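Enquirer: next one to model:
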Amino acid sequence: MVEKEEEGAVKDEQIIQARARNISHNVRCTECGSQSIEDSQADIAILLRKLIRDEIRSGKSDKEIFKKLEEDYGETVLYKPKFDMQTAALWLSPLLIAGVAGGAWAYKRHRQKTNVHIMALNLVRGVPLTPKEKQVMLELLTPPPQQGSLGSWWSRWRG
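Expert: Predicted coordinates:
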């Protein structure tokens, strides 16, 4: 009977240690900045690890412990800050910048291709040209394919 109680106590302690390590890996050392408190040997990291183990032993959930650490030390102590309206711009700005750049590139590319045809149509409109003259004019006004494009590089490489 005593043996089962000792076994249960050992198992409980292993669970506490595993939870504490998991939480500690997700908390930034306030002194080191680049290490988790699990990896750091700074005094504050040792104290925080002890605090986490004490909180687990007192029956608090992981979420409650993270919330307490955030309240006491600020949001920067967590490696995974929450996503809210304040941080949305920071999280979404790379996508926004990429979208604007892609849109500008596509617009420029579209204008390059359509301007020649619009000019040709405006020149031809109202001017009586034979089909051969129209063809020659379109050949002259159509820009040559770009040398730096992937398609021409691929065809040169394939040989």
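Enquirer: packing partners of the longest helix along the chain?
Expert: Looking across the chain with DSSP state H, the single longest helix is helix 85-124. Using 3 or more C-beta pairs under 8 Å, 6 or more residues apart in numbering; DSSP states H and E, the elements in contact with helix 85-124 are helix 131-141. Glycine gets a C-beta too; all of them are placed from N, C-alpha and C.
Enquirer: got the angle for the helix it packs on vs helix 85-124?
Expert: When axes from the mean of the first three to the mean of the last three C-alpha atoms, to 10 degrees is applied, the directions of helix 131-141 and helix 85-124 differ by 140 degrees.
Enquirer: sticking with the residue lying farthest from the centre of the chain, tell me its helix or strand.
Expert: Distance from the centre of the chain peaks at residue 128, with 57.8 Å (C-alpha atoms, centre = their mean). For residue 128, there is no enclosing helix or strand under DSSP states H and E.
Enquirer: so how far is residue 4 from residue 32?
Expert: Computed with C-beta to C-beta, to the nearest Å, the distance linking residue 32 and residue 4 is 42 Å.
Enquirer: which one of those two has more residues nearby?
Expert: residue 32 (15 against 8; other C-beta atoms under 10 Å).
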